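Asker: Would you be able to build a 3D model of this:
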Amino acid sequence: MRVPAASLRARQAGSDEPELEDPGVPGPTAGAVPPPACPAWFELVVLVAAAAVLSFGGVGLFLADLGHYSAPLALPLGLAGTTVLAALAWPRTRERERGDTSRGAQTAALGAIAVAVAQLAWNGVDASRHVAADRDPGVYVLVGKWLAQHGSLVVPATKLWPIPGPLFSLSSGGVYQMPNGTVQFQFAHLLSVLLAEADNLGGDRLMFRVPAVLGALGLCAVYAVGCRLVRRPWLVLAALTALAVCLPELNVTRDAFSEPATQVLLWGGILLVLRAYETGRGSVAFVAGLFLGGTVMTHIDAIIYLAPLPILCAIGWLISRRWSHRRPLAGPIGWGLLGVVPPAVLATFDVQRRAGLYYDDLSSQMHALYLLLAVTITLAVVFVGLWSARPELAHRASVYAAEHRGAWAVALGWAAGVALLIGWALRPAKAVFGPSGPAATVVGQIQTGLGLPLQPDRTYAEQTLRWFEWYIGPVALALGIIGLGILVTWAVKYGRVTAVVLLVVLGGVVALYLWQPSITPDQIFVTRRYVTSALPLFLLAAAFALDVGADAIVRHAQTWTWARPMAAVGAASLIAFPLGTTSPVRNFHSQASWLPMIEHVCSVLGPQAAIVFPAGDYDGATLPLTLADWCQLPSATLLGPEPSQALVPTAQDLQRSGRVLWVLAWSKAEVSRVLPGLSPTLLGTAVSTEELERTLESPPENYATVVLNIYGARVT
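Answerer: Now for the predicted structure:
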């Protein structure tokens, strides 16, 4: 049935179809933030969730860095901070009225909640219990468990081993022995603080499910921002469902990765940036700055999300041609930038003073990020200064932009789309691009195990968009590329604020990690680089492309007959492909059976044991902090590979203090090598049968089995 164009542009009361707007003509509020396509109550959920993550994590981190963390102190302060942050950014009555109250928007928002809860339940059933420091999640968990029991990131070496000397090392996975007689824990520590608080509240069971809770909250934040980009909320819901079942997203939300916490704060901050521009309220901008600055507390290189903020502020200032338009922006810009400072300062103190060697290891990368931040600040100041000091230059630039804006918009949109298509179709050919980097032992081991040519220096960075194809499907990737091209065009031509904010805040980091992820390239580990920003952005862009395509069909055919099926098929494909990739390994989890074995070993050793591991042993590299956390036992690693008769006087010294020395290792041979005459026995073994296989040139399609053995013998 054909209908008049005027009828298509008018949304009737209670209609689920969005108003159609001619993309060729800016609306009466071109550049303004459009009303969100989700209810106001949904944005309040996101606001409170992000405020809780920042407040509980920030307060606990501050106390832990000072050496005074405790649940009775951190939890009430975290609750008070959550209340204050939510109150500062709480929408006023007229702001709440902008939320979409139609039946379709309400239903889609409830659907988003249902998707988030379903993912939480799914991840809760298959939650990992990572207790060995073999990779990042184990370190986050072990540091969190340590904080829950000891309350301090200021750790004297004697807390881990009572007998100092040249024979022993306290360094192990995630632990650095410092020259000043202390030990430090790897990484930024906000996630570990959240894990500690959960452990204090609900024990290990709740602690292991913190990533799943953060993942559900992150999905809600992505949906809230998506509703300000895509006018059909059910298309946003489809993109959200695709993200929820996507294997990389499930991987980081089933194990203790920092990305879910970053996702909550990043997308919550973007939401408040849009609200601050819409309302002109400095308090909202201040909380937005706090959220974005808080991302640095979750991951050391999250400063890359702060670098675009000066450019974003400069763009907002420059496109407002009159002082009467700029004056309302001055307060939000100032308050927003001020809000970034406190969490960024705390994060910098945390990684430099409580993870100093880790920071030193990444110093060249961090210096580059700080240089990038300095460059963006300088460029913003220079452009704003020139624009203000040279009005004639500003006028000529404005006239030129007005005359050529459409051409530049189309050119840049096509350039973005073509560049992404080249990266997808041509870059994987190593004859064109063959990036390499420092040799990585783990890459060589996986290549050998898979029968691939031995190239331990290969980064596989040429495959980045192919990884997206594996996990979200070629249809979603193609739609995402089209949608990003349109977003660039609309951002330049019409100044659509949602598009501008997403592209400025996320565009640079997405482009950087698509070019070079700078991380060990094994699957599924490498995809954590894209969970926070790139995958959500591509899926929302795909939904945006479907939305724009449906509008174009209606304008051309003057009927909804073909638009609805096209959008429905596209939305179904967004969900079907990632679900198909995930399905063969849908119940994966890490180290699910290891903790009971660890606790059994604790009971065998007894409360008075002291433990040494051989040099180079797997257990010695991954379990010292585990045994300190769950057994409350001191442990150290021998520095030399040769047998050590000095262990006998060490055992005698320990015996005088009421302790019994044990040698533990992965195998009998390793135990016997430490001291001739020892008679090792198997203290415990654990088998994890549903680990994701490690691949390099395909997504994980099968489970892998990982075994942990602990052999031990007493030194008498």
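
Asker: Which residues does the helix or strand hosting Val252 contact?
Answerer: Using DSSP states H and E, Val252 maps to helix 247-254. Helix 247-254 has contacts (CB atoms under 8 Å, 6 or more residues apart in numbering) with 119, 122-123, 126-128, 211-212, 214-216, 218, 243, 257, 259-260, 471, 524, 527-528, 530-531, 535, 578, 581-582, 585, 588-590, 692, 699-700. C-beta: built from backbone N, CA, C; applies to glycine.

Asker: same deal with stretch 510-517?
Answerer: 304, 423, 435, 459, 461, 464-465, 526, 529-530, 533-534, 537.

Asker: how does it look with 6 Å?
Answerer: When contacts are defined by CB atoms under 6 Å, 6 or more residues apart in numbering, stretch 510-517 is touched by residues Ala461, Thr464, Val526, Arg529, Ser533, Ala534.

Asker: and the lengthiest helix in the chain, average pLDDT?
Answerer: Longest helix in the chain by number of residues (criterion: DSSP state H): helix 391-425. For helix 391-425, the mean per-residue pLDDT is 86.

Asker: Report the buried residues of it.
Answerer: Of all the residues in helix 391-425, those buried under the rule 16 or more other CB atoms under 10 Å are Ala409, Leu412, Gly413, Ala416, Gly417, Ala419, Leu420, Leu421, Gly423, Trp424.

Asker: my guess is the first one meets Val492, correct?
Answerer: Yes - judged on CB atoms under 6 Å, Ala409 makes contact with Val492 at a distance of 3.8 Å.

Asker: Ala440 - how many residues pack around it?
Answerer: Residues contacting Ala440 under the criterion other CB atoms under 10 Å number 17.

Asker: which residues sit in contact with Leu595?
Answerer: Arg129, Val131.

Asker: For Gly684, give me the backbone phi and psi.
Answerer: Main-chain torsions, Gly684, degrees, to the nearest 10: phi -180, psi 150.

Asker: how deep is it tucked in, by neighbour count?
Answerer: There are 19 residues near Gly684, going by other CB under 10 Å.

Asker: what comes into contact with the helix or strand following the longest helix of the chain?
Answerer: Proceeding N to C from helix 391-425, the next assigned helix or strand is helix 441-450, under DSSP H and E. Outside helix 441-450, the residues that touch it by CB under 6 Å, 6+ apart are Leu454, Pro456, Thr520, Asp522, Arg694, Leu696.

Asker: Go ahead and build a PyMOL selection from the buried members of those residues.
Answerer: Listed next is the PyMOL selection for buried residues among the contacts of helix 441-450, using 16+ other CB under 10 Å:
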select buried, resi 456+522+694+696
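
Asker: Domain map for the chain?
Answerer: What automatic domain parsing lists as the domains of the chain is 30-126+209-425+460-585, 155-183+593-714.

Asker: Which stretch among the ones you listed is buried most, on average?
Answerer: Ranked by mean neighbour count, the domains of the chain are led by domain 30-126+209-425+460-585 with a mean of 20 (mean count of other CB atoms under 10 Å).

Asker: do you know how far Arg92 is from Arg586?
Answerer: 44 Å (CB to CB, to the nearest Å).

Asker: which stretches of the chain have low pLDDT?
Answerer: 1-34, 320-325, 430-435, 558-561 (pLDDT under 70).

Asker: Centre-most residue in it?
Answerer: Glu259 (2.0 Å; CA atoms, centre = their mean).

Asker: Distance-wise, check that residue relative to Leu191.
Answerer: 9 Å.

Asker: same thing with Leu77?
Answerer: From Leu77 to Leu191 the distance is 18 Å (CB to CB).

Asker: what kind of secondary structure is Asn611 in?
Answerer: One correction, residue 611 is Ile, not Asn. strand (DSSP: H, G, I helix; E, B strand; the rest coil).

Asker: from what I can see it touches Trp662, true?
Answerer: Yes - checked against CB under 6 Å, the pair Ile611 and Trp662 is within contact range at 5.1 Å.

Asker: Quick one: residues contacting Ala127.
Answerer: Counting by CB under 6 Å, 6+ apart, the residues that Ala127 touches are Phe208, Arg209, Arg254.

Asker: Over to it: give its phi and psi.
Answerer: Taking degrees, to the nearest 10 as the convention, Ala127 sits at phi -60, psi 140.

Asker: again, but for Leu708
Answerer: phi -120, psi 120.

Asker: got a list of what it touches?
Answerer: Per CB under 6 Å, 6+ apart, neighbours of Leu708: Trp594, Ala686.
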